[in-house]
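*Asks:* I would like to see how this sequence folds:
(one chain, ligands or ions: 1)
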Amino acid sequence: MVASSPRPAAPTAAAPTADTTRAAAAAPPAAATRAADTARAADTARAAATRADASHADTTRADVIIVGAGISGIGAAHHLQRRCPERSYLILEARDSLGGTWDLFRYPGVRSDSDMHTLGFSFKPWTDAKAIADGPSILAYLKETAAEAGIDRHIRYRHRVERAEWDSTTATWTLTVRVGDGEARTYTCNVLLMASGYYSYRAGHTPEFPGRERFGGRIVHPQFWPEDLDHTGKRVIVIGSGATAMTLVPAMAADAAHVVMLQRSPTWVVARPDTDPVANALRRVLPERLAYRLVRRKNIWLQQFFYKRTRTQPAKVRERLLAEVRKHLPPDFDVERHFTPSYDPWDQRLCLLPNGDLFAALQEGKASVVTDEIETFTETGIRCRSGEHLEADIIVTATGLELCTPGEMTFVVDGEEVDFSTRWTYKGLAYSDIPNVVSFFGYINASWTLRVDITADFVCRMLEHADAVGADTVTPRLRPTDADMTPRPLIDGFSPGYMKRAMPRLPKQGDREPWINPQLYERDRALIVESPVDDGVLTFTRSPAGAWSGPPVAAPATGTAPAAADPEPVTAPDDGVPA
Ligand SMILES: Cc1cc2nc3c(=O)[nH]c(=O)nc-3n(C[C@H](O)[C@H](O)[C@H](O)COP(=O)(O)OP(=O)(O)OC[C@H]3O[C@@H](n4cnc5c(N)ncnc54)[C@H](O)[C@@H]3O)c2cc1C
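*Replies:* Below you'll find the model as predicted:
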């Protein structure tokens, strides 16, 4: 995975960057670091030019193409341009603005439910006083990050990648990209980073509700909030019990006549202040970056500690959570029915209520909770199985997201369409037998960005190693001893409906490293950050056309395409790497 555009096709001793990087790889650690630093410094000016080149509107090729300009895409780009400045990159974004989730979701009260000291990037301190931030503040932070680092110049908006085809003979991904509603354009790259999120942007999940067409009011899904929807003085039913429903109910209750949260079953909740006094105090006395780093560590530790307790002492955690809920609600409130789930905390996502806002709305009578099943929509509301009829002017179906395979794209490797359900996940970031693709998937039990940061670190180390060994193709391949692995779902031990529905379509985990996706930050750090990239499973090879040097290599003079040949292994077979 060598080479930004101006480099020679194959790394030679005369190629300054590759040469210096290889020399650095062979040198003792301190010298290696210095050599690598010198190489990077020498590359910076050329890299700036290269990047400027790649950011030119007409450029349709880059060393690396990132799909998606949300948290993952911006994070990936930042790490890439800092650590691998010699590589040109582009970000292809289907929408007409950056931010992904934080631009798409516009429902009242939209906010994070994890703290911004861990949902923020490792490299850019979150400096607002509020640790639980609203959607517009998160979007502003992302825009600022992209603008400050010049990442925004690399983004091509209204570019939806529909198809990605890999050619092993040239180590090239060829992307079919729909520009706006019109033409299909072709882009090429050597490495494809999938930062396209995890859910479909086309549709949210909406179950079939009987009688839906009879309802005379408006039905909205939070993913597509109508700008003109005015809920002032209206009766609202929010169907759902996840983070979105818990956010919407108190936010809409402020102006609505009344809001009912209609849930089939309860969710674990915890009330916490939306500010972090430790963070705000530290920021006053310490340099910004140091304060951020300390608070980030504190929050990672606390989050991991709490999560582990839910695994080791679920009964105690249940008791504590329920005691807290009771403290916030009137003595006659049916906590058993409305706030006591049948599963253990963190078997499904635990919902945060900033400053106990949902409890306050319930206390004030502006909102109520109904735990029941929907029998049918009616002309004026919803009739429940219990026979109760709930009147409404607006019904919000906060029934979740539709998980999807990467980018909802078609992938083809050497002429064969990829069925992701038959692939193994490599460390939760790549796939068996799919070369030069890394996917960004965050945490379900911690902040998404923690995993984005370490995945981006992995990408950079992988590229550096590819450079050092003169490879242009990096592929996770099963070792002979991995053939007998027992498959497990990509996300294991986490059971909400939207996850369960999607698991059969997604790659599987195995029962041994590195074919696992632990979804635990500490374990991921060991697996992704601290383990060598050349681990006997990632194979580093060079394509028959030589190290990647740009667009598909021209056919030979005879006019025939280069013959497909086995890639040349560049790591010794006795490393355990299959040739
Ligand atoms: C309402 C809501 C609240 C959330 N709150 C939290 C929270 O508090 N903490 C937390 O950790 N996580 C939270 N999440 C999860 C959240 O999605 C992640 O935190 C994070 O925003 C995901 O970032 P991403 O860049 O990976 O994906 P996204 O934000 O989904 O961005 C993906 C981007 O890729 C683009 N894209 C997709 N496919 C293609 C294609 N084929 N071609 C071109 N472009 C494409 C999309 O248009 C989009 O811009 C929340 C999610 C939702 C929906």
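*Asks:* need the contact list for Ala77.
*Replies:* 66, 89, 91, 146, 149, 151, 154 (CB atoms under 8 Å, 6 or more residues apart in numbering). In this view, the C-beta of every residue, glycine as well, is placed from N, C-alpha and C.
*Asks:* hmm, try it at 10 Å
*Replies:* 64, 66, 69, 89-91, 145-146, 149-152, 154-155, 193, 195, 456 (CB atoms under 10 Å, 6 or more residues apart in numbering).
*Asks:* can you tell me the residue of the stretch 251-400 of the chain closest to the ligand?
*Replies:* Leu352 (8.0 Å; CB to the nearest ligand atom).
*Asks:* roughly how far apart are that residue and Ala271?
*Replies:* Using CB to CB, to the nearest Å, one gets 8 Å for the distance from Leu352 to Ala271.
*Asks:* cool, Phe494 as well?
*Replies:* Distance from Phe494 to Ala271, by CB to CB: 23 Å.
*Asks:* who in the stretch 1-150 of the chain is up against the ligand?
*Replies:* 67-73, 92-95, 100-102, 105, 110, 112-114, 119 (CB under 6 Å from any ligand atom).
*Asks:* Show me the shaky parts of the stretch 51-200 of the chain.
*Replies:* 51-57 (pLDDT under 70).
*Asks:* ditto for the stretch 451-579 of the chain
*Replies:* Confidence mapping of the stretch 451-579 of the chain against pLDDT under 70 gives the ranges 495, 549-579.
*Asks:* Check it for the residue nearest the ligand and tell me.
*Replies:* For the stretch 451-579 of the chain, CB to the nearest ligand atom, closest residue to the ligand: Val452, 6.8 Å.
*Asks:* Is that residue within a helix or a strand, and which one?
*Replies:* Using DSSP states H and E, Val452 falls within helix 448-469.
*Asks:* how near is the residue nearest to Asn436 when sequence neighbours are not counted to Leu463?
*Replies:* Excluding its sequence neighbours, the residue lying closest to Asn436 (CB to CB, 6 or more residues apart in numbering) is Val191, at 4.7 Å. Val191 sits 7 Å away from Leu463, going by CB to CB.
*Asks:* ok, now Val317?
*Replies:* 42 Å.
*Asks:* ditto for Phe420
*Replies:* Distance, Phe420 to Leu463, using CB to CB: 24 Å.
*Asks:* For the residue nearest in space to the middle of the chain, give me its contacts.
*Replies:* Residue closest to the average C-alpha location in the chain (CA atoms, centre = their mean): Phe441, at 3.8 Å. Contacts for Phe441 (CB under 10 Å, 6+ apart) come out as 72, 194-195, 197-198, 406, 425, 428-429, 448, 451-452, 455, 490-491, 506, 517, 519.
*Asks:* Select only the buried ones of the residues you listed in ChimeraX?
*Replies:* Filtering those down to the buried ones (16 or more other CB atoms under 10 Å) takes a single ChimeraX command:
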select :72,194,195,197,198,406,425,428,429,448,451,452,455,490,491,506,517,519
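*Asks:* Which of the contacts of Phe441 fall in helices?
*Replies:* Judged by DSSP state H, the contacts of Phe441 include 72, 448, 451-452, 455 as members of helices.
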